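K.L.:
Just to be clear, the model below is a prediction. Sequence and coordinates:
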Amino acid sequence: MRTKYIFPVLFAVVCLSVQTSHAQELWTSAGIKKTFGKHWGVDSDVEYRTHDGLSSTERWTFGVSGEYKHTYFKVDAGYKYIHGHTLKKTTQKGNIIPPYWIGRHRAFVSLAGKLKVGNFGLSLRERYQFSHRDGKSVPKLNAAGTKPKPDEWIETKNEHMLRSRLACEYNIRKSRFTPFATVELYDNLGEGFAVEKLRYTLGTECKITRHNRAELFYRYIQGVENRADNAHVIGVCYLFKL
């Protein structure tokens, strides 16, 4: 088998084996990017995610960002609006809160450094992320789900996060595929830099044409304080470059 096909085939095998052994989340996105000269760029994208087991929609997201890229580093900043779907849950008193939608606003700024060693590209990115969840009054029912109770008030919530990501990619000569692997830590600045979760990602980018690119990845999310954050994710992304 030719070298340029090894990484895509191995990645497909990993995705299929995980998919058959555990319920999945699916993350998809589509974006458009415009560059200005060698250093500047702006982009926007929409994202769709499902809950575990592809059972229902978890969120819709719309984002815009801008970047400045140099030979050895990149600076970017952006904003995202997240329209999230919360599943049915039970309160401590046994009442039922039916599924509801709630909005979140997220802003970020990041700095990444990059080093090339042969066919390998290594990068370290530090990103500060601020998230604000809107407050909302949602319906509430008794334990049997038959009688309305006074509405439940979902408090507003602010979150300050530092996301540290180490990435490695491999440039396969004369191939459209660029495989990559990343490890990312989520440090909650509001909780004294407590690590909340880790993300391990294995994927590949595919250059379809000069203007069209796709990305396929498998991601394992490990919750540190809350095991409910654990998840297996299959991701598919598309980017159109102007």
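P.N.:
That came in fine, so what should we check first?
K.L.:
Let me see the ranges of the helices in the protein.
P.N.:
For the chain, applying DSSP state H gives helices covering 3-21.
K.L.:
Nearest residue to the middle of it?
P.N.:
With distances taken as C-alpha atoms, centre = their mean, the residue of the chain nearest its centroid is W27 (7.6 Å).
K.L.:
In space, what's closest to it - neighbours in sequence excluded?
P.N.:
Excluding the flanking residues, the one nearest W27 by C-beta to C-beta, 6 or more residues apart in numbering is G235, at 4.3 Å. The way it works is simple: take the backbone N, C-alpha and C, and place the C-beta from them, glycine included.
K.L.:
repeat for G145
P.N.:
I96 (5.2 Å).
K.L.:
For the one you found, give the beta-bridge partners.
P.N.:
T90, L141 (DSSP bridges).
K.L.:
check contacts around the residue nearest to W27.
P.N.:
L26, W27, T28, S29, G203, E215, L216, F217, Y218, R219 (C-beta atoms under 8 Å, 6 or more residues apart in numbering).
K.L.:
On the pLDDT front, check the fifth one for me.
P.N.:
G203 carries a pLDDT score of 96 in this model.
K.L.:
follow-up on the earlier one: could you measure the residue nearest to G145 against A30, distance?
P.N.:
36 Å (C-beta to C-beta, to the nearest Å).
K.L.:
which of these two has more neighbours?
P.N.:
Between I96 and A30, counting by other C-beta atoms under 10 Å, I96 is the more crowded of the two (17 against 14).
K.L.:
Test my guess that that one contacts L141.
P.N.:
Yes: counting by C-beta atoms under 8 Å, L141 is a contact partner of I96 at 4.6 Å.
K.L.:
Not counting its neighbours along the chain, what's nearest the spatially most distant residue from the centre of the chain?
P.N.:
Farthest-out residue of the chain from its mean C-alpha position, per C-alpha atoms, centre = their mean: K147, at 38.1 Å. Nearest non-adjacent residue to K147, counting by C-beta to C-beta, 6+ apart: L141, 6.4 Å away.
K.L.:
What's the local residue count around that neighbour?
P.N.:
Residues lying near L141 (other C-beta under 10 Å) number 15.
K.L.:
Identify the residues contacting it.
P.N.:
By C-beta under 8 Å, 6+ apart, the neighbours of L141 are N95, I96, I97, P98, K147, P148, K149.
K.L.:
What residues does N158 make contact with?
P.N.:
Counting by C-beta under 8 Å, 6+ apart, N158 has contacts F130, S131, H132, R133, G190.
K.L.:
Sweet, I'm off.
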